[in-house]
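Colleague: Just need the structure, nothing else, for what follows:
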Amino acid sequence: MELSWLMRSRIAAAAAVGVLIIGVLAWPLAAPGSPFEAVRAGSMGYTGAVALVFAAFLTGLIGYFVSWPYGQEIGILAVPSGLAVWAVRSGSMGGLMQMNLAVTQRQALYATMRWEPVFWLVIVAAGFSGVLLGRRIRPAPGSAEGPAKRESGLTVQLRAIIGLIASVVIAQSCVRIFTRNVELYNSELGSVVSQPAIGQIVFGVVLSFGVAAFVAKSLLGVGYIWSILASGLITPVAAAVHAKESVLQVLSAQLPAICFPDTVLSILPLQMVAFGTLGSVGGYWMGVKYVYWRKHDSE
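Modeller: A predicted model of the protein is given here:
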């Protein structure tokens, strides 16, 4: 089940649409005043946010048609591919910490970070909506669903809940392993981590959510939506657990600004959602391939 060159070209075309529309043309909506500043949802304002939602919807719609007849499977990659360009061009969490040295400033920063992932998930969802509209306009041949195995609503809901929780736990654990940078020791906090490079963030987050989506599909049979939602949850969870006032006081007084009590907090919400979405979709399809192989290998 290797990807053909035609399928690879469709994936590249969908990603290119996202890079062009979101990553390049829509960049002025979010571009910070300095190359060292981070891309934040709150800096765009209401008009910029609405414009980005519309751009994401259009990107998903075009991504569907450039990758037709597999637009439903591939077109969803367009928007996160564009956001990934922003995530790479953005400044870092370490840079934000350097501009917010006081404990009260950092508390306010982490407070906003608890809702910011929701905004980026809305942008991804707008792209999904564009794909769904494209499917209604021009369905793929043979896309009608055949008879499926009937399950009770309770079973479906239970698997979805377990899939979401498992995705949060697995992705968060893997991010701490694959994205962990140099550790420093502090007598009060124990081990703290320094700001990872952007390449390490890309690798670690994509791989972590790929693992989470693969496990969710292979063991629970659920889709990538739950792993994508998990990308918006692990930052608020980490902030609530690790960004307490007592911890921030020690960090502010004794350690460089690029040090964090948890690896997750060294990653911008934009980076977590963009790379997490790409990893989730990739991991899901690896899970589909694995389930197919396991089924036919046993026959």
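Colleague: Now Phe260: phi and psi?
Modeller: phi -130, psi 150 (degrees, to the nearest 10).
Colleague: so what's it bridging to?
Modeller: Val193 (DSSP bridges).
Colleague: got the contact list for it?
Modeller: Met93, Met97, Val192, Val193, Ser194, Gln195, His242, Leu251, Ser266 (Cβ atoms under 8 Å, 6 or more residues apart in numbering). Quick note: C-beta positions are derived from backbone N, CA and C, even for glycine.
Colleague: OK, contacts around the second one?
Modeller: Right, Met97. Arg106, Ala257, Ile258, Phe260.
Colleague: Buried subset of the contacts of Phe260, written for ChimeraX?
Modeller: The buried subset of the contacts of Phe260, as determined by 16 or more other Cβ atoms under 10 Å, is captured in ChimeraX by this line:
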select :93,97,192,193,194,195,242,251,266
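Colleague: which among the contacts of Phe260 gets closest to Val50?
Modeller: Met93 (26.6 Å; Cβ to Cβ).
Colleague: hang on, Ala201 packs against Leu270?
Modeller: If you look again at residue 201, you'll see it is Ile, not Ala. No - the criterion here is Cβ atoms under 8 Å, and Ile201 misses it with Leu270 at 10.8 Å.
Colleague: What's the separation between Glu73 and Met7?
Modeller: Taking Cβ to Cβ, to the nearest Å as the measure, Glu73 falls 10 Å from Met7.
Colleague: Please identify which of those two sits among more neighbours.
Modeller: Shown here are Glu73 and Met7; by other Cβ atoms under 10 Å, Glu73 has more neighbours (20 against 14).
Colleague: Now do the contacts for the more buried one.
Modeller: Counting by Cβ under 8 Å, 6+ apart, Glu73 touches Ser67, Trp285.
Colleague: if I look at the closest residue in space to Ser266 that isn't next to it in sequence, how far off is Leu207?
Modeller: Spatially, and ignoring its direct neighbours in sequence, Ser266 is nearest to Phe260 (4.6 Å; Cβ to Cβ, 6 or more residues apart in numbering). In this view, Phe260 and Leu207 are 20 Å apart by Cβ to Cβ.
Colleague: Which stretches in the chain count as helices?
Modeller: Remark: helices assigned in the chain by DSSP state H are 5-18, 45-66, 71-74, 78-89, 93-99, 103-113, 116-137, 153-178, 198-215, 225-231, 234-242, 245-254, 269-297.
Colleague: which other helices and strands contact the last one?
Modeller: Spelled out, that is helix 269-297. Under the contact criterion of 3 or more Cβ pairs under 8 Å, 6 or more residues apart in numbering; DSSP states H and E, helix 269-297 touches helix 78-89, helix 116-137, helix 198-215, helix 225-231, helix 234-242.
Colleague: Kindly calculate the angle that the second one makes with helix 45-66.
Modeller: Between the axis of helix 116-137 and that of helix 45-66 there is an angle of 40 degrees, by axes from the mean of the first three to the mean of the last three Cα atoms, to 10 degrees.
Colleague: any idea of the mean pLDDT for helix 116-137?
Modeller: Averaged over helix 116-137, pLDDT sits at 95.
Colleague: count of residues packed around Met286?
Modeller: When neighbours are counted by other Cβ under 10 Å, Met286 registers 16.
Colleague: gap between it and Val211?
Modeller: 9 Å.
Colleague: same thing with Ala41?
Modeller: From Ala41 to Val211 the distance is 27 Å (Cβ to Cβ).
Colleague: Likewise for Phe119?
Modeller: 25 Å.
Colleague: Of the helices of the chain, which is nearest Val24?
Modeller: Of all those, helix 78-89 comes closest under Cβ to Cβ, at 7.3 Å.
Colleague: on that earlier part again, out of the contacts of Met97, who's the most crowded?
Modeller: Counting neighbours by other Cβ under 10 Å, the top entry in those is Phe260, with 25 neighbours.
Colleague: Check which residues of stretch 90-101 are buried.
Modeller: Ser90, Gly91, Ser92, Met93, Gly94, Gly95, Leu96, Met97, Asn100.
Colleague: should've said stretch 54-63
Modeller: Ala55, Ala56, Phe57, Leu58, Thr59, Gly60, Leu61, Ile62, Gly63.
Colleague: Please compute how far that stretch lies from its chain's middle.
Modeller: 18 Å (Cα atoms, centre = their mean, to the nearest Å).
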